[in-house]
Every structure is written in C-alpha cells, then in structure tokens.
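1. Need a 3D model of the sequence below.
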Amino acid sequence: MKNGRYINQLSFILSMNLNLEEYNPWTKNLNYGIDRLFNYPEMVRAMRRKEIQVLSGIRRCGKTTLLRQCIRHLLDQGVLSKHILFIPCDEPLLKLKTYEDVHKIIEEFSINKKRIYVFLDEVQVINGWEKYVKGRYDAEAPVKFFVSGSSASFFRKDVASYLTGRHFFHKITTCNYEEYMRISPKGSLGDYLEWGGFPEVILEQDVRQKKLILQTYLETIIQRDIIDRYNLRNRKQIEDFYKSILSVVGGKAVVKKLALQFHSTERSIVRLILAGLDSFLLEDVTFFSHSLRKNRFQPSKIYPCDIGFTRLLTGRFERGRSAEWAVLKKISPAQYWTNEGHEVDFVTRDLALQVTYTHEVSSREFDALVAFRKIFRISGVVLAISKTEKTESIEEFLTKNWA
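-> Numbering: from 1, shown residues only. Next up, the predicted model:
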C-alpha cells in the first residue's frame, strides 16, 4: 500500500512538472509586456522581504502580467530562474483542488534550493490556500509567496483571518491614464475616456474587436465571478441589472427604486450590489460627513470598474461622465457630498474636486466648493478641459503624482 501511494504521488508530481514547464520559461530576455510595475512601487520595495504579496483585482486587469514583471525584477536582482515557480491555479490541465496538491509541487521543486519564490495565480480556486501559506510563513520555510485573485471579500476575509501582519495587500485595477500613455504613447485622453483601461482593449486598434473583448470580459465576470460564485439564479435578470447599473456612471444606488425597477426585493438588490463590488465590477463612492448617521442614510454613487463597459452598453461617449471615472481611478477611494442643492463630485482626506469636461465652467461648480468649504474647511479644485486662473486641467491632474 505504501508503495502504491508513493507511485501515485510520484506520477502526480511528474505530470504536474510536465504541464508546468510551459508556464515557467523564465529568462531575462523573455517578453514580460509593457511595464506596469512602476505604478506599484510598494510592491517593488517589498519584493525581497519575507511578507506574502497579495494582489487582488477585476478579472483581466493585468494581475498575471504584474506577477510576471515581479519575476523579471527578481531575475534582474540576481535570483536564478530555477528558484522561481509560477503556478496558474485555475489551469484545468493541472487539476489543482486543495493546498495539498500545491504543496506536493512546491516540495518537489524546492529540493536542493536554499530559497524559492512561488507565484500562485488565481489562488482562490485552491481550497485551504490561506492556511497553507500562513503555515509555511510561520514555520519560516525558505519560500516567498506571491498570490493573486479576483474577489475582494475573499481576500478581505481570508487575509484578515489568517495573514494579519504577514502580508502586503495590493489592489490592482485597469490602467489609469498615466499607465495608458505608457502602453499607448500615441494615444489621447479622448481615446482613454472612450474605451477605458483594460490593457488588451488599449492595445487593440479595431473598434469592433474592442467591443468584442469588452463583451467577453463582461459576460465572463457576471457568470463566473457573480452568478457561479454566489449560486444565483435568473441569469437574464442579473445581466439586465448590471448592464443598467454600468450604463449610468455615478448614479445613486437608491435600493427601493432599484427594487421596483427590477421587480425584486430590496434584500436581493443589496446582495447584487455587494456582489458587484466584491467582484470589482463596480466601485462605490459613499457620502462624506463627520456624522455616521448621515453616512448610513445617504445612498452611494456607483461607478463602473472601467468606462469601456459603459461605452459598450450605451453606444454613447459622454466625456463628462468619463472624465469623472478617470479622476476617481486616479484618487480612489473617495466620497461625495451634497447639501441644499450643492453637490461636490469627490472628497478625499484633504481635497474636494469638481470634474467638468468643458471650457466654459458653470458658476454652480464653484458655488458647491464654496458651500462645502464653509462647513468642512477643506480646499477645493475645479478640473476642466483647460487650465485657467480658476481651474486645473483634467489631463494634467491625471498625469501628476498623487499621494
């Protein structure tokens, strides 16, 4: 019996190694894609530290590319390729289900190596991964882990429960405008505001193909990261809900109205909004106030994770709303404020922002900032197309450093 188990385990390891070879072709000259690592300096600084690196974000936003660029950085720092192991946990051919499957691969790979770097891509499919990684960390095993996944609450729950004090968390999004210009140096702000920041969409020149890519992404996210993950029914109603929400940039999520609109219960609507946030398909901007009670009773504003989805679903290009989305991507997280007819688009810790894609700025934009400053003593800025004595340029704001 022991020999039989040994043979089965050996067969498993050999088959895994054979399938993994194509995922581990590491050389310095390999094409690692257009650099996005520059936008995550904290990730670079922690590269050689023992803490676990956790990357989480919307599907197809570039998490795998960033993991590969971490590998390139390690190679540049003198780490040998034979000490680097990349495991695509959701690859069907590998048939990985539990942490024990992963452990067998890592143990066999680490033989005769003092220290290894292990990259677990889409780790959420591995049952018990968080306990395993924590155990290896606490045992001071010579393994540095990088893990990625596509669910916000999944990482919040598991990281909070098991990895507190042992990890660095990095939220990965689609490209901001600065990253867009690196990927597409001949591009323009107009193109970015129209089609958004998914890397594959940026690189595609044909409009029909851009739409096809976005359509595929949206269908996959709704099906795999929402419907399948939460065991939801009535696919058509769920698709209609998210398409409606994504079509209105910065719309307020009034649960009672949405329940009436979609012939559903308020509880179901809340669940769908939370699922959209959890999958990173949606981003919420809550109400700004020093009163917790006021915060609780004001609806959140909902933005798409990427404006490309809005362009796909509506067929329209609304520059003003797109500019709001681009600014939010730059400053997120943020809140909004409204009072007695005045509304401020975004409020951060020390700045209030109005976003208007026009040359002729309405007085109401300035009036809202004045009203806000009287209450909270936080300075405000109006972002417009052009820089003037009273306004700042949207494009310049999107490319300047933000702390």
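
2. The most centrally placed residue in the chain and residue 126: what is the separation?
-> The structure's the chain has its C-alpha centroid closest to residue 57; by Cα atoms, centre = their mean the separation is 2.7 Å. Distance of residue 57 to residue 126, given as Cβ to Cβ, to the nearest Å: 18 Å. Using the backbone N, CA and C atoms, a C-beta is placed for each residue, glycine as well.

3. Quick check: bridge partners of the residue nearest to the centre of the chain?
-> Beta bridges link residue 57 to residue 172, judged by DSSP bridges.

4. any idea how the chain splits into domains?
-> Residue ranges for each domain of the chain read 2-172, 177-399, as given by automatic domain parsing.

5. Would you convert those into a markdown table that also reports mean pLDDT?
-> Putting the domains of the chain into a markdown table (pLDDT from 0 to 100) gives the following:
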| stretch | mean pLDDT |
| --- | --- |
| domain 2-172 | 85 |
| domain 177-399 | 95 |
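
6. Next, count neighbours for residue 175.
-> For residue 175, the tally of surrounding residues (other Cβ atoms under 10 Å) stands at 25.

7. coming back round to it: and the residue nearest to the centre of the chain, what does it touch?
-> Shown in contact with residue 57 (Cβ atoms under 8 Å, 6 or more residues apart in numbering): 63, 150, 171-173, 280.

8. Now for these, which sits with the most neighbours around it?
-> Among the contacts of residue 57, residue 150 has more neighbours than the rest - 26 neighbours, counting by other Cβ under 10 Å.

9. Is it correct that it is in contact with residue 305?
-> No - the pair residue 150 and residue 305 fails to qualify as a contact (Cβ atoms under 8 Å) at a distance of 11.3 Å.

10. Quickly list what's touching both of those two.
-> Any residue near both residue 150 and residue 305 by Cβ under 8 Å, 6+ apart counts here, and that gives 58, 280.

11. how would you label residue 86: helix, strand or coil?
-> Remark: residue 86 carries the secondary structure label strand [criterion: DSSP: H, G, I helix; E, B strand; the rest coil].

12. neighbours of it, just the number please.
-> Residue 86 is flanked by 20 other residues according to other Cβ under 10 Å.

13. Distance-wise, check it relative to residue 331.
-> Using Cβ to Cβ, which is the criterion applied here, residue 86 is 33 Å from residue 331.

14. try residue 400
-> Per Cβ to Cβ, residue 400 is found 11 Å from residue 331.

15. How about residue 301?
-> Using Cβ to Cβ, which is the criterion applied here, residue 301 is 14 Å from residue 331.

16. Which of those two has more residues huddled nearby?
-> Set side by side, residue 301 and residue 331 show unequal neighbour counts under other Cβ under 10 Å, the larger going to residue 301 at 25 against 17.

17. The more buried one - nearest residue in space that isn't next to it in sequence?
-> Of all residues not flanking residue 301 in the chain, residue 285 sits nearest, at 4.3 Å (Cβ to Cβ, 6 or more residues apart in numbering).

18. Hmm, that neighbour is touching residue 299, no?
-> No - using Cβ under 8 Å, residue 285 is not in contact with residue 299, being 10.3 Å away.

19. quick one, which of those two is more surrounded?
-> Set side by side, residue 285 and residue 299 show unequal neighbour counts under other Cβ under 10 Å, the larger going to residue 285 at 21 against 16.

20. Surely residue 119 forms part of a strand?
-> Yes - with the criterion set as three-state DSSP, the secondary structure at residue 119 is a strand.

21. Next, count neighbours for it.
-> 26.

22. residue contacts, it?
-> Residue 119 neighbours (Cβ under 8 Å, 6+ apart): 67, 70-71, 84-87, 146-148.

23. Tell me how far it lies from residue 363.
-> Taking Cβ to Cβ as the criterion, residue 119 is separated from residue 363 by 54 Å.
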